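In: Prediction below, plus the sequence it came from.
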Amino acid sequence: MARTVAIGEQDFRRIIENDSFYIDKTDFIKEWWESRDTVTLITRPRRFGKTLTMSMLQYFFSVSHAGSGLFHHLSIWKSEEYQKLQGTYPVIFLSFAGIKADNYEETYYEICRLTAREYRRFAFLMESGCLLRSDRDYFEKVLSGSANESDICSALNLLSEYLYDYYKKKVIILLDEYDTPMQEAYAGGYWEKLAGFMRRLMNAAFKTNMYLERAVMTGITRVGRESVFSDLNHLEVITTTSKKYAEVFGFTQDEVFSALDEFGLKEYAEDIRRWYDGFCIGGIDSIYNPWSVLKFLKEKEFAPYWANTSSNRLIGRIICRSDVSVKLRIEELLHGKSIMEPLDEEIVFSDLETNKSAIWSLLLAGGYLKVTKIVKNRRGKREYELSLTNMEVRMIFDDMAVSWFSNNRLRYSDFSDALLSGDKEYMNEYLNEIAMDTFSFFDTGSKPSEFRQPENFYHGFVLGLTADLRQLYQVTSNRESGYGRYDVLLEPYHPSLDDGIILEFKICSPEVEDSLEDTVQAAIRQILDKNYAAVLEKKCSKDRIRVYGFAFQGKKIRIDGGYLRELEI
C-alpha cells in the first residue's frame, strides 16, 4: 500500500513518525559534514525541499533530539560513525521563508519575532547558572521584544556563546530562505535599508562568531557579495550549476519512477517528465520539481501546481519594466526556442533593471530557465544556452503575461475575442482602460504621470497575445517582411478558418502628426507601403488579411484598420 503524501509538510520528524511518503536524502548529512566547509550557502528554486532538508539537519545534529530514533531506517544510519554523531551539537534554526512584508518596519519586526522564538527554545539557559546578570538582561530584552536593532544584529552571535557555555560545544546555525525578505525588499522599494541590517546580522552570526562550528544557509538567489556577504570570505556557495549536492534537492528520474511504481501510476512516466522534469542542476539534466510531483501523486492529475505557490512578484516586476529586447527574448522562449546569454549567478539587485544578464541569472536561479549548453564566445567569456524548464513553467509565463493586461472587470481573453472578430470599438475601449491601470508597471520615465515608453507596454502586450492565441496562430514580432520589420504578425495555422493579422504600433509625435487619428492612419500606411503582408500573402488572400494601426499618446490609445484589400483601394 502506498504511503500518504503530506503536501506542504516541512517538519522532518512528523513525516518520519507518520510514515508519510519520503525520498531518503539523508546521505547529504555525510556529504556536507565531510566537506568541512564552515559556512555553506545553497541556492535552489522555491519549493525544492530546502526547508525539509534544513529540518532534517536540525533533527540529526541537535542535542534536543538525541536518541530520537528518526534516522534508524534511513541511509545515514548505516554508518556507525554517524550514529555516534547524531544529537551531539546545539543547533540554532531560523527560517525567513514567511517574511514577506511591504516595508522595512514590518520585515524588521518579523525578524525580531523569529529571533525571540528561537531564544524561547533555550529559555532554560537563564536558570542554568551559565549566564551573567547582564547576559540575562540581554536575553530578557530579546524575549520581550524590547531589543534594539544593534541587539538583534548580535543576537545569533550571543546565543551561540550562551549555548557554548552550557554545552561546551560550538553551535551549528541553520538559516533557511535567507533571501526571501531581501527579494520582498527590492520589490517593495526598501532594499538599501534592509541590506545594511542584513549585512550586520550576517557578519555577526557567520564571520566574527568564535562559537560557530558549522552553518548552512539556503535561498533562491545568490545575493551579491558586496550587498550582504562582503565580510564572509570563507563562504562556500553552491548554485544550480554546481556539481556539489546536485541530487539532494529535487527528485531524480529514478526516484520519480520509483514513486510512480509505488502509487500504481507507471503509465504516466512520459507525461510527468514533460510537465515537471527539465531542471538542470550540477550538470544533471533530469531533475524533477518535487512539489509538483508530490501534488500529482496525491491528486493524480496534471496541473501547474508550482505556479500557485508564489505570486512571482519580483519576476513579474522585472519583466514588466525590462526593455524591448528582453521581451523579444521572452517571446522566443515562449515559442519553445533557446537563447544565448551571458550569466553571473551572483545577483546584484541594483542591477536587475539595467543589466540584462542579471535578469537571466534571476530567472535561472528561480528555476524558470535551464542551461542546455555552455560555450565560450570569441572573447573567451562563457555564454549559456537557456530555455524554459518545462510545460509547467511555460504556463506560468503565459499566465503572468496575460495578467498584465487584465483587471477586475476585464479579462485578456476579452481583447483577443474582439481582435478575432474585428470589433475595433471594443478593442479601443479595452486597451484604453487597461493602459490606465497598468502603464505604471511599464513606465521607466522619471515622471509617474507620463507614459514615456509605450514600447514596453505593447511588447508586454505581444507576450499576452502569444499566450492567449498560440493555439490558433504563430505570433511573431519585430521580424522582416516586405521592405521592413513589422511589429506583430499573427499567422493562422488554419487560413481557411482564421484571418491573418498584422499590428503596427506608432507613438504620436506632435512634430509630425496633429492627432491620434493621424498617427493611427500613418501606422496603417506604413503596413501598406512597406508590404508587411508579404509573409501572410503566401498563405492568405488579401480579403483574409486584416491590418491594424495602434497609436499611443500618453495614456491614450487609438486603434483603427480593416481588411487589406479594402485598405489598398
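Out: Cool, the structure landed.

In: Okay, helices next: where are they in the stretch 51-200 of the chain?
Out: 80-85, 104-121, 133-144, 149-153, 155-167, 180-188, 191-202 (DSSP state H, counting those that start in this stretch).

In: which helices and strands does the shortest one pack with?
Out: Taking 3 or more CB pairs under 8 Å, 6 or more residues apart in numbering; DSSP states H and E as the contact definition, the neighbouring helices and strands of helix 149-153 are helix 104-121, helix 133-144, helix 191-202. No exception for glycine: its C-beta is placed from N, CA and C like everyone else's.

In: The longest one now?
Out: Other helices and strands packing on helix 104-121, by 3+ CB pairs under 8 Å, 6+ apart, are strand 91-95, helix 133-144, helix 149-153, helix 155-167, helix 180-188, helix 191-202.

In: from the middle of its chain, how far away would the longest one be?
Out: Okay, so that is helix 155-167. Chain-centre distance of helix 155-167: 35 Å, with CA atoms, centre = their mean, to the nearest Å.

In: contacting residues around it?
Out: 63, 89-90, 92, 94, 115, 118-119, 122, 125, 128, 130-131, 135, 138-139, 142, 147, 170-171, 173, 201, 204-205, 208-209, 211-212 (CB atoms under 8 Å, 6 or more residues apart in numbering).

In: What's the ChimeraX syntax to select whichever of those are buried?
Out: Buried residues within the contacts of helix 155-167, by 16 or more other CB atoms under 10 Å, are selected in ChimeraX with:
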select :89,90,92,94,115,119,122,125,131,135,138,139,142,147,170,171,173,201,204,205,209,211,212
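
In: Name the residue closest to the centre of this structure, please.
Out: Gly366 (3.7 Å; CA atoms, centre = their mean).

In: one step back: compile the helices and strands packed on helix 149-153 into TSV and extend it with columns for mean pLDDT.
Out: Shown next, in TSV, are the helices and strands packed on helix 149-153 (pLDDT from 0 to 100):
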stretch	mean pLDDT
helix 104-121	96
helix 133-144	95
helix 191-202	92
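
In: Determine the number of other residues adjacent to Met340.
Out: 12 (other CB atoms under 10 Å).

In: again with Met210
Out: So Met210, with other CB under 10 Å, has 9 neighbours.

In: roughly how far apart are it and Tyr164?
Out: The gap separating Met210 from Tyr164 is 9 Å, by CB to CB, to the nearest Å.

In: hang on, the earlier thing: what separates the residue nearest to the centre of the chain from Arg199, distance-wise?
Out: The value you get for Gly366 to Arg199, if CB to CB is used, is 23 Å.

In: my guess is Arg317 meets Ala187, correct?
Out: Yes: using CB atoms under 8 Å, Arg317 is in contact with Ala187, at 5.7 Å.

In: If you count surrounding residues, which of these two has more?
Out: More crowded of Arg317 and Ala187, by other CB under 10 Å: Ala187, with 19 against 15.

In: pLDDT (mean, whole number) over stretch 483-502?
Out: The average pLDDT for stretch 483-502 rounds to 92.

In: CA atoms only for it - export them in PDB, please.
Out: C-alpha atoms of stretch 483-502 as PDB (Å, rounded to 0.1, in the frame of the first residue of the first chain):
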ATOM      1  CA  TYR A 483      10.600  46.200 -47.100                       C
ATOM      2  CA  GLY A 484      10.900  46.500 -43.300                       C
ATOM      3  CA  ARG A 485      10.100  45.000 -39.900                       C
ATOM      4  CA  TYR A 486       6.600  44.600 -38.700                       C
ATOM      5  CA  ASP A 487       5.700  45.000 -35.000                       C
ATOM      6  CA  VAL A 488       3.400  42.000 -34.600                       C
ATOM      7  CA  LEU A 489       2.200  39.300 -37.100                       C
ATOM      8  CA  LEU A 490      -0.300  36.600 -36.400                       C
ATOM      9  CA  GLU A 491       0.000  33.800 -39.000                       C
ATOM     10  CA  PRO A 492      -3.000  31.400 -38.700                       C
ATOM     11  CA  TYR A 493      -2.400  27.700 -38.500                       C
ATOM     12  CA  HIS A 494      -5.700  27.200 -40.400                       C
ATOM     13  CA  PRO A 495      -6.000  30.000 -43.000                       C
ATOM     14  CA  SER A 496      -9.300  28.700 -44.200                       C
ATOM     15  CA  LEU A 497     -10.800  29.300 -40.700                       C
ATOM     16  CA  ASP A 498      -8.900  32.300 -39.300                       C
ATOM     17  CA  ASP A 499      -7.700  35.600 -40.800                       C
ATOM     18  CA  GLY A 500      -4.100  36.600 -40.900                       C
ATOM     19  CA  ILE A 501      -3.500  39.800 -38.800                       C
ATOM     20  CA  ILE A 502      -0.800  42.500 -38.700                       C
END
